[in-house]
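Just the structure for this:
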Amino acid sequence: MAGIDMADAAPVRIEEQGAILIITINRPQQRNAVNRAVSLAIAEALDSLDSREDLRVGILTGEGSSFCSGMDLRAFVDGERPELEGRGFGGLAEAPPKKPLIAAVEGYALAGGCELALACDMIVAAEDAWFGLPEVCRGLVAGSGGLLRLPKRIPAAIALEYALTGQRMDAKTAHGWGLVNRLTPSGGALAEALKLATQITANAPLAVAMSKQIINEAVDWPEEGIWERQRPMIESVLGSQDAQEGARAFAEKRDPVWRGV
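Model prediction:
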């Protein structure tokens, strides 16, 4: 259509900056509410992140003044569901990528939007951002991971308070509880997320991937036998060519050249 940039019209915009994949929900007029098209596009982008060796870290953000306001209720009323089989809400909630994913949050991350942020490994947020699970105020339940993930990220009693009252949590409070990794001035979340992602991409890809896997899985490991579970995972990285390269680069006082093998 004349005068319209089709990339700008897409429900999700995908950009690459070196080894970093930026996934932007691109529905600012709807406060980046998620419909099925958004879920499908995010799922496709995450598949690319995990399958391509040249991509190392993903960033999920929203266009304009909000990260994501949750499910597109108009689409829902029309019979459309944003959940994907085996992937869940936003193509992410039930199947996060193996590679690190950072949420860059401006404005509101509410309901499903908060659940998408929680599905990411780390959160960078503007100081005036807000998080919340208001589902109980509408007779609903935060069933896309909010009730499962929030008590693992902050104290359970605090998570329970926010889940039962539906009240919003400001970014500074979220940072104080450890939910948010880094705070930025308004408008600076994506730039700071890119800095964080760049720090991660400087490191060995196998070691990064295994570190994420162990941290995520070890939460549910019984104390007895925990070292036996971890040992083969660690050994798989210690036996890699990148482990040898890291040691050589340190001894030779140069930057390592990672190959991911």
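
burial count for Leu206?
18 (other Cβ atoms under 10 Å). For glycine as for every other residue, the C-beta is placed from the backbone atoms N, C-alpha and C.

got a list of what it touches?
Ser236, Val237, Ser240, Asp242, Gly260, Val261 (Cβ atoms under 8 Å, 6 or more residues apart in numbering).

Am I right that the fifth one is in contact with Asp242?
Think Gly260. Yes. Gly260 lies in contact with Asp242 (Cβ atoms under 8 Å); the separation is 6.8 Å.

Select from the contacts of Leu206 every entry located in helices.
Of those, the ones assigned to helices by DSSP state H are Ser236, Val237, Asp242.

tell me which element Thr24 falls in.
strand 20-25 (DSSP states H and E).

how about the CA coordinates for that strand, as CSV?
The C-alpha trace of strand 20-25 is given here as CSV (Å, rounded to 0.1, in the frame of the first residue of the first chain):
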residue,chain,number,x,y,z
ILE,A,20,21.7,-9.9,19.3
LEU,A,21,18.1,-10.5,18.0
ILE,A,22,15.7,-7.7,18.9
ILE,A,23,12.0,-8.7,18.9
THR,A,24,9.6,-5.7,19.2
ILE,A,25,5.9,-6.1,19.6
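
Pull the distance from the next helix or strand after that strand to the chain's centre.
Using DSSP H and E, the next helix or strand after strand 20-25 towards the C-terminus is helix 36-51. Counting by Cα atoms, centre = their mean, to the nearest Å, helix 36-51 is centred 13 Å from the centre of its parent chain.

How about stretch 247-261?
With Cα atoms, centre = their mean, you get 29 Å for stretch 247-261.

so how far is Val219 from Ile226?
11 Å (Cβ to Cβ, to the nearest Å).

quick one: Leu147 from Pro97, how far?
From Leu147 to Pro97 the distance is 22 Å (Cβ to Cβ).

So between those two, which is more surrounded?
Pro97 (22 against 17).

tell me the contacts of that one?
So Pro97 contacts Leu46, Leu49, Asp50, Gly58 (Cβ under 8 Å, 6+ apart).

Show me the two of those residues that sit farthest apart.
Maximum pairwise distance in the contacts of Pro97, criterion Cβ to Cβ, is 9.0 Å, between Asp50 and Gly58.

returning to what we had before: which one's more surrounded, Gly260 and Asp242?
The neighbour count for Gly260 versus Asp242, taken as other Cβ under 10 Å, is higher for Asp242 (19 against 14).

my guess is Arg13 contacts Pro28, does it?
No. Look at Arg13 against Pro28 with Cβ under 8 Å: they stay out of range, at 11.0 Å.

Identify the contacts common to these two.
Glu63.
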